[in-house]
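Q: Build me a model:
(2 chains)
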Amino acid sequence: MKNISKKNLLSALGILFLIALVYAGCNQSKSSLTGDAASQVYVAPGTYDEFYAFMSGGFSGQLTVYGLPSGRKFKVISVFSQNPETSWGYSEETKGMLNTSYGFAPWDDAHHPQLSMTDGMADGRFVFINGNNTPRIAKIDLKDFETTEIIELPNSGGNHASPFVTENTEYIVASTRFSVPIPQDDVPISSYKENFSGSISFVKLDPGTEKMNVEFQIIVPGFNYDLARAGKGPSKDWAFFTSYNTEQAHTLLEINASRNDKDFVAAVNWKLAEKYLKEGKAKTMPAEYYRNYMDEKTHSAVSEKNTQVKVLYPEDCPGMIYYIPTPKSPHGVDVDPSGEYIVAGGKLASVIPVHSFSKMIKAIEDKQFDGEIDGIPILKYDAVIAGEVQNPGLGPLHTEFDDNGFAYTSAFISSEIVKWKLGTWEVVDRIPAYYSIGHLMIPGGDTKKPFGKYVVALNKITKDRYLPTGPELTHSAQLIDISGDKMKLLLDFPTAGEPHYAQAIRADLIIEKAIKFYRIEDNHHPHSIKGEKESKVVREGNVVRVYMTAMRSHFSPDNIEGVKVGDVVYFHITNLEQDWDVPHGFAIKGMNNSELLIMPGATRTIKWEPKKVGVYPFYCSDFCSALHQEMSGYVRVSPANSNVPLAFSLGK
Amino acid sequence: MTTKSRVLIAFAALMLILTFFFPLWKIDLNAPQYPEGLGLRIWLDKISGLKPNDLQSINGLNHYIGMKEIIPDSIPELKIMPYIIIFMIAFGLFNAYLKNRKLVYIWLILFVILGAVGLYDFYMWAYDYGHNLNPNAPIKVPGMTYQPPLIGSKQLLNITAVSLPSVAAIIIFISMFLNIAALYVDSKRKKNEK
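A: Numbering: from 1, shown residues only, chains lettered A, B, ... in the order given. Purely as a prediction, here's the structure:
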């Protein structure tokens, strides 16, 4: 066994060397891009891109919006990390969105954007993204491109295989990357095999309220669960999860978790799981996790603490979950547009195994099992496999599909995209990626009907591709034309944060729904005011509440006196504008907090605790109008024991 | 009068009902900062924006140059105009019933006078908004006034204002034309009879 893997290692190294040589050659020819590549990505000034792309911000914790084919960046959507630019996680209204059972979590690692689907097609309602570190799923509303809900996942040790949606977004599925004691406990790490388990979560999106809820979890053996996809068409009732570390190592995983020739793809019949849940097969387990959502009326976060979760155990639920043996630490598990083929990317494997859904169903009927683990039958590899793609490049990770029966797999180690044909499993084309591609993305490439025009390579390393910026370099994506027989590189473009994964959707499916401002009539924030005449300053003990309006080009009030050292001042600012693209900002000298950024029609609150006597200027920080520089005011701060009366005014 | 003429007169009166459902006049404002356009629509009984909140946006812009806010509720014409149209409808139907040529002439002349008064009033209203400026306005351009044109286009600082009659005004024109046609048809028949 050991000898063989050594041999493999040597040949892998040899191939790596060859690849490096190929690189050198490629680098010389990379400037031979023809002029028509430029015209293919040229989106004339003032015209729109064809696709919106939602790219994960990696360890920035955010989600970024790009246009394709131009590669232009439009917006960083604040999700899991505090963002002083938008006051996300700083303003009183948004702080609650980052509440977790571990307290306020100002950062996370966001990997996989997933658009909501109707009938297996992206519908442009929501995009979901996972928080990998403190396990969470966020929902971003594409009406206003804002995060409107974040739900924490209990019994998870890292939310990597997440969030992937079922055909009609009935569920958002998630699985734990790291197994942990479930429920958490003070046990020796070396007792991994006895005490550690994994979990697969099914988060339900209520079709009416569109709110998320951890409907149930399945407790699974303590492996590492990596990625997932739900089925579609014939396989729509199923979801698939890759696992690695079936060795159950708890230290030096790079060696110890790479021993087995095969790990597993877990196939879960979620319809059946739902039925078991209804039949009362689930056990209720105590668990502490938060659900935070932005109340639509008040534009303020509401945090709910949940204390229990329903769990299903495979041994109580026959037929709910099967393991499909799959070579060498598979990463991606991707279902083709027809719903029949399940492609696993064994990142240390020399082939890409493609499983057949119909064969899997038959194998289950015929009980073609090779033993079982904790009540989960292991299907026979040969009974399920549809074919193997030979010579797919080194380190195949992730596959998406076009609309002509081809699949495109990223190969991390050989840094290339490999195009191959479904059914014949023949490699038909390959193109290098600069460098070390992780995921790839075809607009609609995970849906029933991919657009198939481009593939975007989401790269881990950029090295010499851009002007150097010291040790830390930009992250990068590459746009590749796949409309012809040969893939053609069109464009490199930098990304904000590490682009783990991305999804794209035809722009017209979103443009129509995007709102231009919030209607002031619909603003039911408890501290909102609807006109300048209502502006006021109120003292409640040492709490001072400033009810302020912002309108081009003044705040009301703009002179405030009677604030004292030791006071806690809340600026509740309502942007009265009802016009497109007129946010106002608010900043006051010496604040130990972020600025406020207030969208038209919204109310936002920032807390200020003045510590020194003086007169403090404040101003609008988002250039709003011809008289933006005049949009300012003063707060007078008096000593704690002073008797300066509370006073406020505008234009006096 | 012929039945044909009477039908025309009745139809001309009834079509005025449509003026309640379309704007009378439109003023479109184009500025570099408003690629999506800004506009006012003047109806018999209200002033609205081309888009929701356009009126508010225009009022917001106007405060820079010291123009008064446009507050539809404070414009008495908007309360009177619907009654004038209702009266003209009733009068027209009455004419169709009465077959009196003279009264049809009176209807026409009255409508022309009302229209002229209306346009003059609109002009004066616009004159007042454009000239009666707050002396403390942030932007003061010596000699500059901001009266939008009655019909046609005019450059007002960064804004091109285009003012044109809209659907309801055209309906009124057609209604008047139909009355003239009715008189013409009727007089032709009389000549033939002679």
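
Q: Can you tell me the closest non-neighbouring residue to residue 104?
A: This is for chain A. A:L98 (5.7 Å; CB to CB, 6 or more residues apart in numbering or on different chains). For glycine as for every other residue, the C-beta is placed from the backbone atoms N, C-alpha and C.

Q: try chain B instead
A: Per CB to CB, 6+ apart, closest to B:V104 is B:N95, 5.2 Å.

Q: Just to be sure, the one you found is in a strand?
A: No. Applying DSSP: H, G, I helix; E, B strand; the rest coil, one finds B:N95 to be helix, outside a strand.

Q: Now do the contacts for it.
A: B:I9, B:A13, B:L103, B:V104, B:W107 (CB atoms under 8 Å, 6 or more residues apart in numbering or on different chains).

Q: List the contacts of the third one.
A: By CB under 8 Å, 6+ apart, the contact set of B:L103 is B:F91, B:F94, B:N95.

Q: Relative to chain A, how far out is the last one?
A: Counting by CB to the nearest CB, to the nearest Å, the gap from B:N95 to chain A is 46 Å.

Q: cool, the second one as well?
A: Shown here: B:F94 relative to chain A, a distance of 44 Å by CB to the nearest CB.

Q: Do you know the pLDDT at that residue?
A: For B:F94, the pLDDT comes out at 93.

Q: Over to A:A20?
A: 49.

Q: now the contacts of B:L103 as TSV including distance to A:Y48?
A: Converted to TSV, the contacts of B:L103 look like this (distance: CB to CB, whole Å):
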residue	distance to A:Y48
B:F91	53
B:F94	57
B:N95	56
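
Q: quick check, nearest of those residues to B:L157?
A: Checking the contacts of B:L103 against B:L157 by CB to CB gives B:F91 as the nearest, at 44.4 Å.

Q: got a list of what the closest one touches?
A: B:A13, B:L103, B:W107, B:L110.

Q: Next up, the contacts around the nearest residue to the first one once chain neighbours are set aside.
A: What that stands for is B:A13. Nearest residue to B:A13 in three dimensions, chain neighbours excluded: B:G92, at 2.7 Å (CB to CB, 6+ apart). B:G92 makes contact with B:I9, B:A10, B:A12, B:A13, B:L14, B:L16, B:W107, B:S175, B:N179, according to CB under 8 Å, 6+ apart.

Q: picking that back up, turn the contacts of B:F91 into CSV, including distance to A:K139 and secondary structure.
A: As requested, the contacts of B:F91 are exported to CSV (distance: CB to CB, whole Å; DSSP: H, G, I helix; E, B strand; the rest coil):
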residue, distance to A:K139, secondary structure
B:A13, 58, helix
B:L103, 69, helix
B:W107, 64, helix
B:L110, 64, helix
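
Q: Now, of these, which are buried?
A: B:A13, B:W107 (16 or more other CB atoms under 10 Å in any protein chain shown).

Q: pLDDT of the strand or helix carrying A:S243, averaged?
A: Using DSSP states H and E, A:S243 maps to strand A:238-244. For strand A:238-244, the mean pLDDT works out to 97.

Q: A:I480 contacts A:L489, doesn't it?
A: Yes. Using CB atoms under 8 Å, A:I480 is in contact with A:L489, at 5.5 Å.

Q: shared neighbours, those two?
A: A:I431.

Q: ok, and the closest non-adjacent residue to A:H250?
A: Per CB to CB, 6+ apart, closest to A:H250 is A:Y192, 4.1 Å.

Q: so is that neighbour in a helix, a strand, or just coil?
A: Three-state call for A:Y192 (three-state DSSP): helix.

Q: Burial check on it, number of neighbours?
A: Using other CB atoms under 10 Å in any protein chain shown, A:Y192 has 18 neighbouring residues.

Q: for A:T94, same thing?
A: Neighbours of A:T94 under the rule other CB under 10 Å: 24.

Q: likewise B:E193?
A: B:E193 has 6 nearby residues by other CB under 10 Å.

Q: Need the pLDDT of it.
A: 71.

Q: Against A:W608, how distant is it?
A: 91 Å (CB to CB, to the nearest Å).

Q: Next, name the residue at the spatial heart of chain A.
A: The structure's chain A has its C-alpha centroid closest to A:I129; by CA atoms, centre = their mean the separation is 2.4 Å.

Q: quick check, distance from the helix or strand harbouring it to the centre of its chain.
A: A:I129 belongs to strand A:121-131 when assigned by DSSP H and E. The chain centroid and the centroid of strand A:121-131 are separated by 9 Å under CA atoms, centre = their mean, to the nearest Å.

Q: Just name whatever secondary elements that strand is in contact with.
A: With contacts taken as 3 or more CB pairs under 8 Å, 6 or more residues apart in numbering or on different chains; DSSP states H and E, strand A:121-131 sits against strand A:114-118, strand A:136-141, strand A:159-165, strand A:502-506, helix A:508-511.
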